[in-house]
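1. return a 3D structure for these sequence lines:
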Amino acid sequence: MFRHSVFACVAVALAALSAAAQQSQRLKTEKAEIIVETAARGLDHPWGLTFLPDGRMLVTERPGRLRIVSADAQLSPPLGGVPRVYARDQGGL
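-> Numbering: from 1, shown residues only. Predicted coordinates for the structure are as follows:
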């Protein structure tokens, strides 16, 4: 059950990162209401994320970029030192 909860949280966070047209959306599930809010704009296919202790997020973009999203929705330039990525079909960073 924990794995499904984590997956749902990541899926909602990624949906929020890629949602460009909406500020906030409410989704009702069987167990709870989820509020989806846009955390950043300008990402190219956000692929994965992790939260840093200070509230920022590390976000990977499918083509191979790694960025930091601040708590106030500021998007960093791509970080250096990321290995070359084979981004085809379902493969990416």
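2. may I see the buried residues of the stretch of helix or strand Trp47 belongs to?
-> According to DSSP states H and E, Trp47 maps onto strand 46-51. By neighbour count on 16 or more other Cβ atoms under 10 Å, the buried set for strand 46-51 is 46-47, 49. The way it works is simple: take the backbone N, C-alpha and C, and place the C-beta from them, glycine included.
3. CA atoms of the following helix or strand past that strand as PDB?
-> The helix or strand immediately downstream of strand 46-51 is strand 57-61, counting by DSSP H and E. Presented in PDB, the C-alpha positions along strand 57-61 are these (Å, rounded to 0.1, in the frame of the first residue of the first chain):
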ATOM      1  CA  MET A  57      12.800  19.700  -5.900                       C
ATOM      2  CA  LEU A  58      15.300  18.100  -8.200                       C
ATOM      3  CA  VAL A  59      13.500  17.400 -11.400                       C
ATOM      4  CA  THR A  60      14.700  15.400 -14.400                       C
ATOM      5  CA  GLU A  61      13.500  16.200 -17.900                       C
END
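4. quick revisit: pairing partners for the strand holding Trp47, with directions?
-> Sheet pairing of strand 46-51 (DSSP bridges) gives strand 57-61 (antiparallel).
5. what lies in contact with stretch 63-73?
-> 17, 38-41, 43-45, 52, 54-61, 75-79, 82, 84-85, 87, 92-93 (Cβ atoms under 8 Å, 6 or more residues apart in numbering).
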